[in-house]
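Peer 1: task: produce atomic coordinates for the following.
(one chain, ligands or ions: 1)
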Amino acid sequence: MIFEGCAQNAGLGDASLMALISAKADRNRTPLNVHLELTYRCNEQCVHCYCVVEHGREQEVRRHELTLDEIRGLLDELADMGGLYLTLSGGEVMVRPDFFEIAEHARRRGFAYRIFTNGIGLTEAKVERLAALEPLTVELSIFSADPAVHDAITRVPGSFRRLMAAIERLQRHGLRVYLKTVVMKPNIDGLAKLDRLGKDLGVFTHTYSCEVSPRVDGAVPRGLGRKLRDGIEFEPGVSFRDTKEKWNELFERRYLAWLIKRAEGNISKAARDADMDRKYLHKLLRKHGITGGETSDDNN
Ligand code: SF4
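Peer 2: Numbering: from 1, shown residues only. Model (predicted):
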């Protein structure tokens, strides 16, 4: 009630507290939400990754990464400016030997933070240490319920098995596990099975994305480039940007059709399931000519 009063005084009608805080942060140019990529290195080599350097080049790129002192200084500045939400991402954050010192500093400076990780380096000892630092969520990438498909995307044999072990550990230590899936050609036919796996695991939430991005150096992700050439869309001479747009459109349509089918045609439910704004989902559905109740023949 008090907050509603504040919102009304601020001319925000019945806006939520969060909307009030965001509006104030926008006005004051406060970096409320911060996404920090700590490294270009990763122990996986996903086909679609925009960020990670090939194995063998780790030492070379390491010198381009911020040092622990620089990161601490940056977090201090952000905290002093009013930063509240922090995402620690990579690459793979766990490949940094100083990761826990970074997370401890973030905690000390009062950030509500979450961690993006592929999970394969999360030993029992690391999970215990993580649990003591109380992140909001630990967000892990999963690409398929089929270990062979998942491992083919990460290009690390055994990565699915290690991911499952990490999820079990995280949940046992009371951490909120959030699964995220990039929808791509190799995994799109297995979404229903993957969705069931997320539910069986009892994860906090599971979201899907159809977005892939050019690499940080502007190149086509290596594996993805090959996939596009082997697949249906890549034409020599067509820019990656155009190809990517076509590719994303195609997968977006199939994903949306599946989402609506899963929600039995109920758009509000589909939006809730996908953690999406309902109006935005509506707009996407209109763009693709999908009506509530349309089903996909791709996933069953
Ligand atoms: S786990 Fe994440 S950071 Fe590592 S290669 Fe895959 S997409 Fe890139």
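Peer 1: against residue 141, how distant is the spatially most central residue of the chain?
Peer 2: Nearest residue to the geometric centre of the chain (C-alpha atoms, centre = their mean): residue 180, 5.4 Å. Separation of residue 180 from residue 141 (C-beta to C-beta, to the nearest Å): 6 Å. Where you see a C-beta, it was placed from the backbone N, CA and C, and this is true even at glycine.
Peer 1: over to residue 267?
Peer 2: The gap separating residue 267 from residue 141 is 27 Å, by C-beta to C-beta.
Peer 1: give me the more crowded residue out of these two.
Peer 2: Ranked by neighbour count (other C-beta atoms under 10 Å), residue 267 and residue 141 place residue 141 first, with 21 against 18.
Peer 1: which residues touch the residue of the stretch 101-250 of the chain found nearest the ligand?
Peer 2: Distances between the stretch 101-250 of the chain and the ligand by C-beta to the nearest ligand atom are smallest at residue 118, namely 3.7 Å. By C-beta atoms under 8 Å, 6 or more residues apart in numbering, the residues touching residue 118 are 42-44, 92, 140-141, 154, 159, 163.
Peer 1: so which of those residues belong to helices?
Peer 2: Among these, the ones falling in helices (DSSP state H) are 154, 159, 163.
Peer 1: could you find the closest non-adjacent residue to the last one?
Peer 2: Looking back up the chat, that one is residue 163. Spatial nearest neighbour of residue 163, excluding adjacent residues (C-beta to C-beta, 6 or more residues apart in numbering): residue 119 at 4.6 Å.
Peer 1: hmm, residue 139 and the one you found touching each other?
Peer 2: No - using C-beta atoms under 8 Å, residue 119 is not in contact with residue 139; the gap is 9.7 Å.
Peer 1: which of the contacts of residue 118 are close to the ligand?
Peer 2: Near the ligand, judged by C-beta under 6 Å from any ligand atom, the entries from these are 42, 44, 92, 141, 154.
Peer 1: so what pLDDT did the last one get?
Peer 2: Confidence at residue 154, expressed as pLDDT, is 94.
Peer 1: what of the second one?
Peer 2: At residue 44, the predicted lDDT confidence score is 95.
Peer 1: show me what contacts the residue lying closest to it once chain neighbours are set aside?
Peer 2: Distances taken as C-beta to C-beta, 6+ apart place residue 154 nearest to residue 44, at 4.2 Å, with adjacent residues excluded. The contact partners of residue 154, taken as C-beta under 8 Å, 6+ apart, are 44-46, 118, 143, 160.
Peer 1: could you dump the residues you listed to a markdown table with distance to residue 30?
Peer 2: Formatted as a markdown table, these follow (distance: C-beta to C-beta, whole Å):
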| residue | distance to residue 30 |
| --- | --- |
| 44 | 34 |
| 45 | 37 |
| 46 | 33 |
| 118 | 31 |
| 143 | 36 |
| 160 | 40 |
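Peer 1: and stretch 264-281, which residues are buried?
Peer 2: 267, 269-271, 273-274, 276, 281 (16 or more other C-beta atoms under 10 Å).
Peer 1: actually stretch 135-148, not the one I wrote
Peer 2: Buried-residue list, stretch 135-148, by 16+ other C-beta under 10 Å: 135-146.
Peer 1: check those and tell me the two furthest apart.
Peer 2: 136 and 146 (29.9 Å; C-beta to C-beta).
Peer 1: wait, doesn't residue 24 sit right on residue 30?
Peer 2: Yes - assessed by C-beta under 8 Å, residue 24 is found in contact with residue 30 at 7.4 Å.
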